[in-house]
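Asker: Give the three-dimensional model of this entry:
(3 chains)
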Amino acid sequence: MSWTDDRVETLKRLWAEGQSASQIAKELGGVTRNAVIGKVHRLGLSNRTEGEEPAKPAAAAPAAAAAPAADPAPAPQPAPRAAAPRAEAPARAEPAAEKSAESRAEPRPEAPAAEARPAAETPEPAPAPQPVFTPRRPIVPAGQPLPPQPSANEISPEALASVREVEKTSLKLSLMELTERTCKWPIGDPATDKFWFCGLPSQPGKPYCEAHVGVAFQPMSARRDRRR
DNA sequence: CCCTGATTCGC
DNA sequence: GCGAATCAGG
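Answerer: Okay, the predicted model is just below:
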């Protein structure tokens, strides 16, 4: 396979989305992750710190240089390995007044209809997973602002939200694409085209990714526990 | 071990 | 330019 204009375009897009080289390689097909990485570098889009120059302070000034008067940068801040890939911010005017909102407490990132279904009864979680375009967010681990809730046995809303988030970033693999290390959690309706498998890295020895392991392996039904 | 990207270097 | 091999890290 060669790097046709089309494939390069796809590469750029996926890379910008934050997909890993191996994932991109798999989607493109016919290339290895090395090829992808190599191409990425050749294209010069290895580091996506757009709008922010790496600021390579030419600290290698010859010793002959006299006293630099005032030392400006006291904290060199060793460039972090690789900035987390963030989605393109919606180019918007930035009113200075925006700052006040900064102190606001976050009103909870997502709160979709967290219908508490009967535990791990049915594997089909999302009734209608719309193929919405995801801006590639780094999976919020759903912290733990809410300690213990009523039933410690139920799937927490956070967990459900987390799962939904994860499913947005699922690789949507087909049956054939599943391997021993991809999450095999089914998403969507098998009777329709909107069906695929999660495909995210599975937990070692488990059939599902971390998020799905969490909802798949419940400690038995939460209800009817009081029975004695 | 699994994975990640980075780099090298023969082709 | 390409990408396998290798390196370096998580």
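Asker: CA only for contacts and neighbour counts going forward, please
Answerer: Noted.
Asker: Does A:His212 touch A:Trp185 like I think?
Answerer: Yes - A:His212 is within contact range of A:Trp185, at 6.9 Å (criterion: C-alpha atoms under 8 Å).
Asker: In contact with the closest residue to A:Glu180 other than its chain neighbours, which residues are there?
Answerer: Excluding the flanking residues, the one nearest A:Glu180 by C-alpha to C-alpha, 6 or more residues apart in numbering is A:Pro207, at 7.5 Å. Contact analysis of A:Pro207 by C-alpha atoms under 8 Å, 6 or more residues apart in numbering lists A:Glu180, A:Arg181, A:Thr182, A:Cys183, A:Lys184, A:Trp185, A:Val213.
Asker: could you say what helices and strands the one helix or strand in chain A whose mean pLDDT sits lowest packs with?
Answerer: The weakest-scoring helix or strand in chain A, judged by mean pLDDT, DSSP states H and E, is helix A:157-168 (a mean of 77). Helix A:157-168 makes packing contacts with helix A:210-216 when contacts are defined by 3 or more C-alpha pairs under 8 Å, 6 or more residues apart in numbering; DSSP states H and E.
Asker: what packs against the helix it packs on?
Answerer: Other helices and strands packing on helix A:210-216, by 3+ C-alpha pairs under 8 Å, 6+ apart, are helix A:157-168.
Asker: can you pull the contacts of A:Phe197?
Answerer: Taking C-alpha under 8 Å, 6+ apart as the contact definition, A:Phe197 lies against A:Ser170, A:Leu171, A:Lys172, A:Leu173, A:Ser174, A:Leu175, A:Leu178, A:Cys183, A:Lys184, A:Trp185, A:Pro186, A:Ile187.
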